[in-house]
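Undergrad: With the input below, show me the fold.
(one chain, ligands or ions: 1)
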Amino acid sequence: MNEKTTVPKIVIADKAGFCFGVKRAISMAYEQLANSSGKPVYTLGPLVHNPQVIKKLENDGIKSIEELGAYPIGHLLIRTHGVSPAIRKEAMELGYNITDATCPLVKKIHDIVLELQREEYPVLVIGHSSHPEVQGIVGELEGNCRVAETVEDARNLQPCHKLGVVVQTTALWHNFTEITVELLGKTKELRIFNSICHATMERQAAAEDLAGKVSMMIVIGGRNSSNTRRLLEISLRVNPRSYLVESPEEVQKDWFADITSIGLTAGASTPDYIIESVYEKVRQYVES
Ligand code: F3S
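TA: Next comes the predicted model:
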(Lines give C-alpha, C1' and ligand atoms only; values in the text may rest on other atoms or scores of the structure.)
Protein backbone atom coordinates (compact mmCIF):
# COMPACT_ATOMS: atom_id res chain seq x y z
CA MET A 1 0.00 0.00 0.00
CA ASN A 2 1.38 3.44 -0.92
CA GLU A 3 1.37 5.81 2.03
CA LYS A 4 0.46 9.37 1.14
CA THR A 5 3.38 11.62 2.12
CA THR A 6 2.92 15.25 3.06
CA VAL A 7 5.01 17.75 1.12
CA PRO A 8 7.23 19.75 3.56
CA LYS A 9 6.21 23.34 4.08
CA ILE A 10 8.63 26.11 3.02
CA VAL A 11 8.48 29.27 5.11
CA ILE A 12 10.39 32.49 4.43
CA ALA A 13 11.35 34.54 7.53
CA ASP A 14 9.30 37.69 8.13
CA LYS A 15 12.33 39.88 7.57
CA ALA A 16 14.86 38.63 5.02
CA GLY A 17 17.02 40.06 2.26
CA PHE A 18 18.01 43.58 1.18
CA CYS A 19 17.91 46.25 3.89
CA PHE A 20 17.13 49.87 3.10
CA GLY A 21 20.83 50.86 3.24
CA VAL A 22 21.80 48.35 0.55
CA LYS A 23 18.81 49.24 -1.68
CA ARG A 24 19.75 52.91 -1.37
CA ALA A 25 23.42 52.23 -2.23
CA ILE A 26 22.54 50.18 -5.31
CA SER A 27 20.15 52.77 -6.62
CA MET A 28 22.80 55.50 -6.01
CA ALA A 29 25.33 53.40 -7.97
CA TYR A 30 22.99 53.13 -10.97
CA GLU A 31 22.18 56.83 -10.75
CA GLN A 32 25.90 57.56 -10.83
CA LEU A 33 26.28 55.26 -13.83
CA ALA A 34 23.46 57.04 -15.68
CA ASN A 35 25.17 60.40 -15.10
CA SER A 36 28.73 59.21 -15.67
CA SER A 37 29.17 60.89 -19.09
CA GLY A 38 31.31 57.97 -20.20
CA LYS A 39 33.75 58.13 -17.27
CA PRO A 40 34.41 54.90 -15.36
CA VAL A 41 32.29 54.17 -12.31
CA TYR A 42 33.86 52.39 -9.33
CA THR A 43 32.91 51.28 -5.87
CA LEU A 44 35.65 51.20 -3.26
CA GLY A 45 35.42 47.56 -2.24
CA PRO A 46 32.39 45.44 -3.16
CA LEU A 47 29.14 47.37 -2.83
CA VAL A 48 27.54 44.45 -1.01
CA HIS A 49 28.99 41.17 0.22
CA ASN A 50 27.27 39.09 -2.39
CA PRO A 51 29.16 37.66 -5.39
CA GLN A 52 26.12 37.46 -7.69
CA VAL A 53 25.20 41.11 -7.11
CA ILE A 54 28.82 42.18 -7.65
CA LYS A 55 28.95 40.26 -10.93
CA LYS A 56 25.78 41.95 -12.16
CA LEU A 57 27.10 45.40 -11.18
CA GLU A 58 30.36 44.68 -13.05
CA ASN A 59 28.46 43.53 -16.14
CA ASP A 60 26.44 46.73 -16.01
CA GLY A 61 29.64 48.84 -15.82
CA ILE A 62 30.11 49.41 -12.06
CA LYS A 63 33.50 48.04 -11.10
CA SER A 64 34.65 47.21 -7.59
CA ILE A 65 38.21 48.35 -6.88
CA GLU A 66 40.32 47.64 -3.80
CA GLU A 67 42.84 50.42 -4.23
CA LEU A 68 42.49 54.09 -5.10
CA GLY A 69 44.35 55.17 -8.23
CA ALA A 70 44.85 51.64 -9.59
CA TYR A 71 42.62 52.42 -12.63
CA PRO A 72 41.89 55.61 -14.60
CA ILE A 73 40.21 58.17 -12.30
CA GLY A 74 36.42 58.47 -12.61
CA HIS A 75 33.36 58.33 -10.38
CA LEU A 76 33.68 56.67 -6.99
CA LEU A 77 30.89 55.35 -4.82
CA ILE A 78 31.57 54.93 -1.11
CA ARG A 79 29.68 51.83 -0.02
CA THR A 80 27.31 51.35 2.93
CA HIS A 81 30.15 50.49 5.35
CA GLY A 82 31.60 54.00 5.02
CA VAL A 83 35.29 54.94 5.02
CA SER A 84 37.68 56.90 7.21
CA PRO A 85 38.15 60.64 6.56
CA ALA A 86 41.73 59.87 5.42
CA ILE A 87 40.52 57.64 2.58
CA ARG A 88 37.84 60.16 1.58
CA LYS A 89 40.50 62.90 1.48
CA GLU A 90 42.85 60.75 -0.60
CA ALA A 91 40.04 60.01 -3.10
CA MET A 92 39.23 63.71 -3.40
CA GLU A 93 42.87 64.63 -3.90
CA LEU A 94 43.17 62.02 -6.64
CA GLY A 95 40.26 63.72 -8.42
CA TYR A 96 37.46 61.15 -8.08
CA ASN A 97 33.91 62.40 -8.32
CA ILE A 98 32.58 60.96 -5.06
CA THR A 99 29.09 59.74 -4.25
CA ASP A 100 28.66 58.80 -0.62
CA ALA A 101 26.40 55.78 -0.09
CA THR A 102 27.49 55.24 3.52
CA CYS A 103 24.41 53.90 5.29
CA PRO A 104 22.95 56.73 7.44
CA LEU A 105 23.03 54.30 10.39
CA VAL A 106 26.79 53.84 9.97
CA LYS A 107 27.22 57.58 9.52
CA LYS A 108 25.44 58.04 12.84
CA ILE A 109 28.09 55.89 14.58
CA HIS A 110 30.82 58.14 13.13
CA ASP A 111 28.96 61.14 14.61
CA ILE A 112 28.60 59.40 18.00
CA VAL A 113 32.30 58.54 18.32
CA LEU A 114 33.25 62.12 17.43
CA GLU A 115 30.84 63.39 20.09
CA LEU A 116 32.28 60.94 22.64
CA GLN A 117 35.76 62.14 21.78
CA ARG A 118 34.71 65.78 22.23
CA GLU A 119 33.38 64.83 25.67
CA GLU A 120 36.72 63.17 26.43
CA TYR A 121 35.46 59.61 26.64
CA PRO A 122 37.95 56.96 25.58
CA VAL A 123 36.07 55.05 22.83
CA LEU A 124 35.62 51.33 22.39
CA VAL A 125 34.08 49.79 19.26
CA ILE A 126 32.56 46.33 19.66
CA GLY A 127 32.95 44.52 16.36
CA HIS A 128 35.40 42.83 14.01
CA SER A 129 38.58 44.85 13.69
CA SER A 130 39.12 43.71 10.09
CA HIS A 131 35.61 44.68 8.96
CA PRO A 132 35.55 47.81 6.75
CA GLU A 133 32.76 49.40 8.81
CA VAL A 134 34.84 49.13 11.99
CA GLN A 135 37.96 50.34 10.17
CA GLY A 136 36.03 53.40 8.95
CA ILE A 137 34.84 54.18 12.51
CA VAL A 138 38.32 53.68 13.96
CA GLY A 139 39.70 55.91 11.18
CA GLU A 140 37.23 58.65 12.16
CA LEU A 141 39.17 58.93 15.43
CA GLU A 142 42.51 58.51 13.63
CA GLY A 143 42.97 55.15 15.33
CA ASN A 144 42.55 56.72 18.75
CA CYS A 145 40.13 54.09 20.06
CA ARG A 146 40.02 50.41 20.88
CA VAL A 147 38.14 47.50 19.33
CA ALA A 148 36.78 44.46 21.18
CA GLU A 149 35.62 41.45 19.18
CA THR A 150 35.13 39.08 22.09
CA VAL A 151 34.47 38.95 25.82
CA GLU A 152 38.12 37.97 26.17
CA ASP A 153 39.18 41.25 24.50
CA ALA A 154 37.01 43.19 26.94
CA ARG A 155 38.49 41.25 29.86
CA ASN A 156 41.99 42.24 28.76
CA LEU A 157 41.25 45.98 28.74
CA GLN A 158 42.95 48.15 31.34
CA PRO A 159 40.45 49.61 33.87
CA CYS A 160 39.62 53.25 33.12
CA HIS A 161 37.62 56.08 34.71
CA LYS A 162 35.07 56.35 31.93
CA LEU A 163 34.37 54.69 28.58
CA GLY A 164 32.12 55.32 25.57
CA VAL A 165 30.97 52.28 23.58
CA VAL A 166 29.47 51.77 20.14
CA VAL A 167 28.85 48.51 18.31
CA GLN A 168 29.14 47.40 14.66
CA THR A 169 25.73 47.64 12.97
CA THR A 170 25.67 43.92 12.12
CA ALA A 171 26.91 42.56 15.47
CA LEU A 172 25.21 39.73 17.29
CA TRP A 173 22.97 41.00 20.08
CA HIS A 174 24.09 38.40 22.62
CA ASN A 175 27.77 39.10 21.88
CA PHE A 176 27.18 42.80 22.39
CA THR A 177 25.43 42.28 25.73
CA GLU A 178 28.04 39.80 27.01
CA ILE A 179 30.85 42.23 26.20
CA THR A 180 29.08 45.20 27.79
CA VAL A 181 28.51 43.21 31.01
CA GLU A 182 32.26 42.54 31.10
CA LEU A 183 32.94 46.25 30.59
CA LEU A 184 30.87 47.16 33.64
CA GLY A 185 33.70 45.83 35.79
CA LYS A 186 36.29 47.93 33.97
CA THR A 187 35.04 51.45 34.53
CA LYS A 188 33.06 53.73 36.84
CA GLU A 189 31.19 55.39 33.99
CA LEU A 190 30.04 53.48 30.93
CA ARG A 191 28.20 55.21 28.06
CA ILE A 192 26.82 52.58 25.74
CA PHE A 193 25.19 53.24 22.38
CA ASN A 194 23.32 50.30 20.95
CA SER A 195 24.19 50.97 17.33
CA ILE A 196 23.20 47.54 15.99
CA CYS A 197 20.88 48.60 13.17
CA HIS A 198 17.17 47.81 13.23
CA ALA A 199 17.41 45.83 9.96
CA THR A 200 19.97 43.52 11.61
CA MET A 201 17.93 43.20 14.81
CA GLU A 202 14.76 42.38 12.86
CA ARG A 203 16.51 39.79 10.66
CA GLN A 204 18.21 38.13 13.63
CA ALA A 205 14.96 37.97 15.64
CA ALA A 206 12.97 36.62 12.66
CA ALA A 207 15.66 33.99 11.89
CA GLU A 208 15.79 32.82 15.51
CA ASP A 209 12.02 32.61 15.73
CA LEU A 210 11.68 30.66 12.48
CA ALA A 211 14.64 28.34 13.19
CA GLY A 212 12.87 27.20 16.35
CA LYS A 213 9.71 26.28 14.45
CA VAL A 214 11.00 24.36 11.40
CA SER A 215 12.85 21.08 10.82
CA MET A 216 15.69 22.77 8.97
CA MET A 217 16.90 26.24 8.00
CA ILE A 218 18.60 27.59 4.91
CA VAL A 219 20.37 30.94 5.21
CA ILE A 220 20.89 32.59 1.82
CA GLY A 221 23.72 35.05 1.27
CA GLY A 222 27.39 35.68 0.63
CA ARG A 223 29.88 33.75 2.75
CA ASN A 224 31.84 36.99 3.12
CA SER A 225 28.78 38.85 4.41
CA SER A 226 29.01 39.60 8.12
CA ASN A 227 25.25 39.80 8.67
CA THR A 228 24.62 36.57 6.70
CA ARG A 229 27.15 34.69 8.83
CA ARG A 230 25.52 36.06 12.00
CA LEU A 231 22.16 34.73 10.76
CA LEU A 232 23.72 31.30 10.26
CA GLU A 233 25.20 31.39 13.79
CA ILE A 234 21.78 32.26 15.24
CA SER A 235 20.03 29.55 13.23
CA LEU A 236 22.61 26.94 14.19
CA ARG A 237 22.20 27.71 17.87
CA VAL A 238 18.47 27.02 17.65
CA ASN A 239 18.46 24.44 14.89
CA PRO A 240 21.57 22.34 14.13
CA ARG A 241 20.15 21.51 10.70
CA SER A 242 21.01 24.93 9.30
CA TYR A 243 22.89 25.50 6.04
CA LEU A 244 24.29 28.54 4.25
CA VAL A 245 23.96 28.79 0.48
CA GLU A 246 25.01 31.57 -1.88
CA SER A 247 22.95 30.32 -4.82
CA PRO A 248 20.34 27.66 -5.72
CA GLU A 249 23.07 25.39 -7.17
CA GLU A 250 24.37 24.81 -3.63
CA VAL A 251 21.08 23.38 -2.34
CA GLN A 252 21.43 19.59 -1.94
CA LYS A 253 18.59 17.15 -2.41
CA ASP A 254 19.64 14.85 0.45
CA TRP A 255 19.09 17.66 3.00
CA PHE A 256 15.35 17.15 2.74
CA ALA A 257 15.01 13.55 3.91
CA ASP A 258 12.69 13.15 6.94
CA ILE A 259 11.72 16.76 7.34
CA THR A 260 8.35 18.41 7.65
CA SER A 261 9.22 22.07 7.19
CA ILE A 262 12.01 24.28 5.87
CA GLY A 263 12.73 27.84 6.91
CA LEU A 264 14.46 30.31 4.60
CA THR A 265 16.14 33.52 5.60
CA ALA A 266 18.62 35.82 3.86
CA GLY A 267 21.24 38.42 4.73
CA ALA A 268 20.75 42.13 4.16
CA SER A 269 22.87 41.95 1.00
CA THR A 270 20.91 39.14 -0.67
CA PRO A 271 18.62 40.28 -3.51
CA ASP A 272 15.04 39.01 -3.83
CA TYR A 273 15.75 37.15 -7.08
CA ILE A 274 18.31 34.89 -5.34
CA ILE A 275 15.89 34.22 -2.47
CA GLU A 276 13.21 33.34 -5.03
CA SER A 277 15.53 31.06 -7.01
CA VAL A 278 16.59 29.17 -3.85
CA TYR A 279 12.93 28.87 -2.84
CA GLU A 280 12.14 27.43 -6.27
CA LYS A 281 14.99 24.91 -6.05
CA VAL A 282 13.88 23.76 -2.59
CA ARG A 283 10.29 23.48 -3.82
CA GLN A 284 11.38 21.29 -6.76
CA TYR A 285 13.36 18.99 -4.44
CA VAL A 286 10.65 18.56 -1.82
CA GLU A 287 7.93 18.01 -4.42
CA SER A 288 9.90 15.55 -6.55
FE1 F3S B 1 22.49 50.04 6.99
FE2 F3S B 1 21.87 48.13 8.64
FE3 F3S B 1 21.73 47.73 6.10
S4 F3S B 1 23.53 49.56 8.85
S5 F3S B 1 23.33 48.97 5.26
S6 F3S B 1 20.46 49.17 7.25
S7 F3S B 1 22.40 46.23 7.58
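
Undergrad: and residue 285, what is it in contact with?
TA: Neighbouring residues of residue 285 by CB atoms under 8 Å, 6 or more residues apart in numbering: 251, 253, 256. In short, each C-beta sits where N, CA and C put it, glycine included.

Undergrad: Using TSV, please lay out those together with neighbour count, distance to the ligand and pLDDT.
TA: Converted to TSV, these look like this (neighbours: other CB atoms under 10 Å; distance: CB to the nearest ligand atom, whole Å; pLDDT from 0 to 100):
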residue	neighbour count	distance to the ligand	pLDDT
251	21	25	97
253	12	32	94
256	16	30	93
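
Undergrad: Same list, the residues you listed, but as a markdown table with distance to residue 287 and secondary structure please.
TA: Listed next are the contacts of residue 285 as a markdown table, based on distance: CB to CB, whole Å; DSSP: H, G, I helix; E, B strand; the rest coil:
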| residue | distance to residue 287 | secondary structure |
| --- | --- | --- |
| 251 | 13 | coil |
| 253 | 12 | helix |
| 256 | 10 | helix |
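
Undergrad: would you list these in a markdown table and tack on distance to residue 197?
TA: As requested, those are exported to a markdown table (distance: CB to CB, whole Å):
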| residue | distance to residue 197 |
| --- | --- |
| 251 | 29 |
| 253 | 36 |
| 256 | 33 |
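
Undergrad: nearest to residue 153, of those residues?
TA: Lowest distance from residue 153 to the contacts of residue 285 (CB to CB) belongs to residue 251, with 36.7 Å.

Undergrad: Show me where this structure has its strands.
TA: Applying DSSP state E to the chain gives strands spanning 9-12, 41-44, 62-65, 75-78, 97-100, 123-126, 146-148, 160-167, 187-192, 216-220, 242-245, 261-266.

Undergrad: For the ligand, find the nearest of those.
TA: strand 160-167 (11.2 Å; CB to the nearest ligand atom).

Undergrad: just checking, what packs against the closest one?
TA: Other helices and strands packing on strand 160-167, by 3 or more CB pairs under 8 Å, 6 or more residues apart in numbering; DSSP states H and E, are helix 104-118, strand 123-126, helix 173-184, strand 187-192.

Undergrad: Establish whether that strand and the ligand are in contact.
TA: No. Residues of strand 160-167 contacting the ligand under CB under 6 Å from any ligand atom: none, with a closest distance of 11.2 Å.

Undergrad: how about that strand: buried residues?
TA: For strand 160-167, the buried set under the neighbour-count rule, 16 or more other CB atoms under 10 Å, comprises 160, 163, 164, 165, 166, 167.

Undergrad: Stretch 119-131 too?
TA: For stretch 119-131, the neighbour count (16+ other CB under 10 Å) marks 121, 122, 123, 124, 125, 126, 127, 128, 131 as buried.

Undergrad: next one: stretch 75-94
TA: By 16+ other CB under 10 Å, the buried positions in stretch 75-94 come out as 75-84, 87-88, 91.

Undergrad: Identify the residues contacting residue 277.
TA: 247, 248.

Undergrad: contacting residues for the residue lying closest to residue 121 once chain neighbours are set aside?
TA: Among residues not flanking residue 121 along the chain, residue 164 sits closest, at 3.5 Å (CB to CB, 6 or more residues apart in numbering). Counting by CB under 8 Å, 6+ apart, residue 164 touches 112, 113, 116, 119, 121, 122, 123, 124, 191, 193.

Undergrad: For residue 129, which non-adjacent residue is spatially closest?
TA: Excluding its sequence neighbours, the residue lying closest to residue 129 (CB to CB, 6+ apart) is residue 147, at 4.4 Å.

Undergrad: Okay, and the beta partners of that neighbour?
TA: Beta-bridge partners of residue 147, counted by DSSP bridges, are residue 125.

Undergrad: Switch the buried residues of stretch 119-131 over to TSV; also include distance to the ligand and pLDDT.
TA: Shown next, in TSV, are those (distance: CB to the nearest ligand atom, whole Å; pLDDT from 0 to 100):
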residue	distance to the ligand	pLDDT
121	23	97
122	24	97
123	19	98
124	19	98
125	14	98
126	15	98
127	12	97
128	14	95
131	12	93
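
Undergrad: Now render those residues as JSON lines, adding distance to residue 238.
TA: Formatted as JSON lines, the buried residues of stretch 119-131 follow (distance: CB to CB, whole Å):
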{"residue": "121", "distance to residue 238": "36"}
{"residue": "122", "distance to residue 238": "36"}
{"residue": "123", "distance to residue 238": "33"}
{"residue": "124", "distance to residue 238": "29"}
{"residue": "125", "distance to residue 238": "28"}
{"residue": "126", "distance to residue 238": "23"}
{"residue": "127", "distance to residue 238": "23"}
{"residue": "128", "distance to residue 238": "23"}
{"residue": "131", "distance to residue 238": "25"}
